[in-house]
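> Just to be clear, the model below is a prediction. Sequence and coordinates:
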Amino acid sequence: MGGCCGDSNKGHSGGNALNPQDGIVLKIEGMTCGHCKSSVEKALSNVPGVTQAEVDLARKQAVVLGTTERSLLVKAVEDAGYKVINSQ
């Protein structure tokens, strides 16, 4: 699976304001830059029932708030070209 930018590692986490204990946490492989972060946030935000999605690029994770199924979030991330690596 690719991501969007190879190994450029540009961009930063942007400071994750969501507490991982407040929502669903997805560990995501393949994000390397701010564009990757934005792409994953957009994909997750478009899932029905999601009220907020934030990606922490440094931790390579997303925290999602709302009323949706984890499987739909995983599919959205994978459809965007990234891989969810945890299965909580």
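Done, it's in.

> The residue nearest the centre of the chain is in what secondary structure piece?
Nearest residue to the geometric centre of the chain (CA atoms, centre = their mean): Ala62, 3.9 Å. In this structure, Ala62 sits in strand 61-66 according to DSSP states H and E.

> State the mean pLDDT of the very next helix or strand once past that strand.
Tracing the chain past strand 61-66, the next element assigned as helix or strand by DSSP H and E is helix 70-79. For helix 70-79, the mean per-residue pLDDT is 97.

> What segments of the protein are strands?
For the chain, the strands defined by DSSP state E cover 24-29, 50-56, 61-66, 83-84.

> from these, which stretch is densest packed?
Comparing the strands of the chain by mean neighbour count (mean count of other CB atoms under 10 Å), strand 61-66 ranks first with a mean of 22. To be clear about C-beta, it is placed using only N, CA and C from the backbone, and glycine gets the same treatment.

> Just want the angle from it to strand 24-29.
Between strand 61-66 and strand 24-29, the angle comes out at 150 degrees (axes from the mean of the first three to the mean of the last three CA atoms, to 10 degrees).

> Restricting to C-alpha, output strand 61-66 in CSV.
The C-alpha coordinates for strand 61-66 follow below in CSV (Å, rounded to 0.1, in the frame of the first residue of the first chain):
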residue,chain,number,x,y,z
GLN,A,61,-3.0,7.2,14.4
ALA,A,62,-6.5,8.6,14.0
VAL,A,63,-9.0,9.3,16.7
VAL,A,64,-12.6,9.2,15.5
LEU,A,65,-15.7,10.4,17.4
GLY,A,66,-19.3,9.5,16.4
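
> So what would you say the end-to-end distance of stretch 61-76 is?
In stretch 61-76, first residue to last residue: 14 Å (CA to CA, to the nearest Å).
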